[in-house]
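Asker: need the 3D shape of this:
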Amino acid sequence: MGVTRVAAAVVVRADGSVLLAQRPAGKPYAGYWEFPGGKLEPGESPRDALARELVEELGIVVRRAAPWIVQEHVYPHAHVELHFFRVFAFDGEPVGHDGQAFSWQRPGAFDVAPLLPANTRVLAALALPPAMGITCAEDLGEEAFLARAERAFARGLRLVQLREKTWPAARRDAFARQLVPLAHAHGATVVVNGSADDALRVGADGTHWTSASLAAAGARPEGMLIGASCHTREELARAAALGVDYAVVGPVLATTTHPGATPLGWDGFARTIEHTRVPVYALGGLQSADLGTALDHGAHGIAMRRGVWDRGGAAG
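Answerer: All right, here's what the predicted structure looks like:
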């Protein structure tokens, strides 16, 4: 069975909802809901196919789209490779040119069914927030950091990686037992840079692997959010093979945290994550204002160690 390449669009409205279309009668999986798109024609790039299909299917013209993730799925009738783009701006209003119904849905609260099986991981990725904060309590002290964290949660931060590498486990755990309930009170998620046991011990929502932990892992822990730090395309491929929920890649820009590291730059970042199978957060010297640039270069979002906790900083 040959591989059929498909361009798929996650069309994002200003309120954050995304567009799903229902497959019309006469097609395989008729009545199922999917992200709009279609097959690549010979010699056509995924981006060109995306633009063409959205005009043909829905009558909308893409103004701003960014590559996101690639997924594969083997159906009884076809082996498909889906190149997902997020469409942030378009002209026109969607109209079902093939008579298909469509619906705007909120990520994490989809209420249409059934959904095509190939979209399972995509739905989970869409529920990830656009910004990750990485703790820096070792710089500020626990009390001062928690005060800043509460302000960041109030501004909308919904994902935190607890990373205090210089601390002994007992001090990190004591800090985690203050941070986790504070985050949960605001609907935010906390992953611990460490092992699954570390996360479970303090009531966190998941674990974040270093690149060394990723290399040593035989399988991902179930029932929790799993992320991984990656630096190469090979590490991203391993993260995808293990089914992690997200990856972090950097440094994109110069950072005082790793003064000896050579920054990737935005073009280097885009090359590293091209055709990634997992959503990727850009890391390194970033501020909330860099989110749009990160999205345009294929990132799911941005991770920040200092910018997100600044007294006047936005959570992104």
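Asker: can you give me the neighbour number for Phe153?
Answerer: Residues lying near Phe153 (other Cβ atoms under 10 Å) number 20. Every residue, glycine included, has its C-beta placed from N, CA and C.
Asker: excluding sequence neighbours, find me the nearest residue to it.
Answerer: Using Cβ to Cβ, 6 or more residues apart in numbering and skipping the chain neighbours, the partner closest in space to Phe153 is His186 (3.7 Å).
Asker: state the helix or strand in which Val160 lies.
Answerer: Here Val160, judged by DSSP states H and E, is contained in strand 159-162.
Asker: give me the sheet partners of that strand and which way each runs.
Answerer: On the basis of DSSP bridges, the sheet neighbours of strand 159-162 come out as strand 131-134 (parallel), strand 189-193 (parallel).
Asker: what's the longest one in contact with?
Answerer: If you take Cβ atoms under 8 Å, 6 or more residues apart in numbering as the criterion, strand 189-193 is touched by 158-163, 165, 176, 179-180, 183-184, 198-199, 202, 204-208, 210, 225-227.
Asker: again, but for stretch 106-125
Answerer: With contact meaning Cβ under 8 Å, 6+ apart, stretch 106-125 is reached by 10, 16-18, 20, 22-23, 29, 31-35, 68-69, 71, 73, 75, 80, 82, 84, 103, 105, 126-127, 245-246, 278-279, 300.
Asker: for it, how far is the first residue from the last?
Answerer: 13 Å (Cα to Cα, to the nearest Å).
Asker: returning to what we had before: next secondary structure after the strand holding Val160?
Answerer: helix 169-185.
Asker: still on that earlier bit, which residues does the strand holding Val160 contact?
Answerer: 128-129, 131-135, 149, 172, 175-176, 179, 183, 188-193, 204, 208, 227, 303.
Asker: cool, stretch 25-42 as well?
Answerer: 4-11, 18-24, 46, 49-50, 52-54, 56-58, 75, 77-78, 82, 84, 102-103, 112-116, 118-119, 122.
Asker: tell me which residues in it are buried?
Answerer: Tyr29, Tyr32, Trp33, Glu34, Phe35, Pro36, Gly37, Gly38, Leu40 (16 or more other Cβ atoms under 10 Å).
Asker: filter those residues down to the ones in strands?
Answerer: Trp33, Glu34, Gly37, Gly38 (DSSP state E).
Asker: distance of Ala144 from Ala131?
Answerer: 21 Å (Cβ to Cβ, to the nearest Å).
Asker: mind listing the strands for the stretch 1-150 of the chain?
Answerer: With DSSP state E, counting those that start in this stretch, the ranges of strands along the stretch 1-150 of the chain come out as 3-11, 18-22, 33-34, 37-39, 61-74, 79-91, 102-105, 131-134.
Asker: how about the helices in the stretch 151-300 of the chain?
Answerer: Taking DSSP state H, counting those that start in this stretch, the helices of the stretch 151-300 of the chain run over residues 169-185, 196-201, 211-216, 233-242, 265-273, 291-296.
Asker: contacts for the first one?
Answerer: In other words, helix 169-185. 135, 137, 142, 146, 149-150, 153, 160, 162, 164, 167, 189-190, 192, 194, 198, 201-204.
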